[in-house]
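> the sequence and its predicted three-dimensional model are supplied below.
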Amino acid sequence: MKSRLMWIAALALALGLIAAGCGDDDGGDGETEGTGTNGAAASLTKAEFVEQGNEICRQGNEEVEQAGQALTQGDVAEFNAFVLGTLVPSIQRQINDIRALGIPEGDEKLINGILDDAEADLKRLEADPSLLQRQDSDLFADVDQRLDDYGLTDCVDDS
């Protein structure tokens, strides 16, 4: 029973991790290095950024949830393949998409810092997919809190 609960909790965490990056696949071209202007033609207002970011997160969460439904409970190899083949690339895409939105003027350092930290956490996950199954794991906790504080409430793990 405990194994089943841990598996369900790990899957729920995996679905919520999408929030760390907040995005969907719109063909991001790898422009992930924000330098203040973030490559966007014009920056959005904070309200526009939050609205669009939350929508991206909702779409990304749905995509990962659908992919995760095919997982066989308790199959660690399948879970690791899901993390590395679906979740990690999806989160990286989301990070790229958030950077491409057009970060509100004056918030570039804050948002790029959050996304840089999300990428660092993502590298930890890529190196050790079992982090999602550990009850004591705090992977993405700081990123989630900072996204929530900014208003990207659909971009955080609520589990």
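Here it is on my side, so go on.
> surely residue 52 and residue 101 touch.
Yes - assessed by C-beta atoms under 8 Å, residue 52 is found in contact with residue 101 at 5.7 Å. For glycine as for every other residue, the C-beta is placed from the backbone atoms N, C-alpha and C.
> what is in contact with the two at once?
Common neighbours of residue 52 and residue 101, using C-beta atoms under 8 Å, 6 or more residues apart in numbering, are residue 44.
> mind listing the helices for the protein?
Along the chain, counting by DSSP state H, helices occupy 2-21, 46-68, 76-82, 88-101, 108-127, 141-150.
> tell me which strands and helices the fourth one is in contact with?
To tie it back to what came earlier, the one meant is helix 88-101. helix 2-21, helix 46-68, helix 108-127 (3 or more C-beta pairs under 8 Å, 6 or more residues apart in numbering; DSSP states H and E).
> cool, and the last one?
Here helix 141-150 touches helix 2-21, helix 108-127, going by 3+ C-beta pairs under 8 Å, 6+ apart.
> in that helix, what counts as buried?
Across helix 141-150, burial judged by 16 or more other C-beta atoms under 10 Å covers 143-144, 146-148, 150.
> output those in CSV; the columns should cover pLDDT.
Shown next, in CSV, are these (pLDDT from 0 to 100):
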residue, pLDDT
143, 94
144, 92
146, 96
147, 94
148, 93
150, 96
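> would CSV of those with distance to residue 74 be doable?
Listed next are the buried residues of helix 141-150 as CSV, based on distance: C-beta to C-beta, whole Å:
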residue, distance to residue 74
143, 28
144, 27
146, 34
147, 31
148, 32
150, 37
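> low-confidence ranges in the chain?
1-42, 158-159 (pLDDT under 70).
> relative to residue 87, how far out is residue 152?
19 Å (C-beta to C-beta, to the nearest Å).
> right, I mislabeled it, should have said residue 109
Distance from residue 109 to residue 87, by C-beta to C-beta: 28 Å.
> of these two, which one has the most company?
Using other C-beta atoms under 10 Å as the criterion, residue 109 and residue 87 rank with residue 87 on top: 23 against 11.
> okay but the more buried one is in contact with residue 63, surely?
No - contact criterion C-beta under 8 Å: residue 87 and residue 63 do not qualify, at 10.3 Å.
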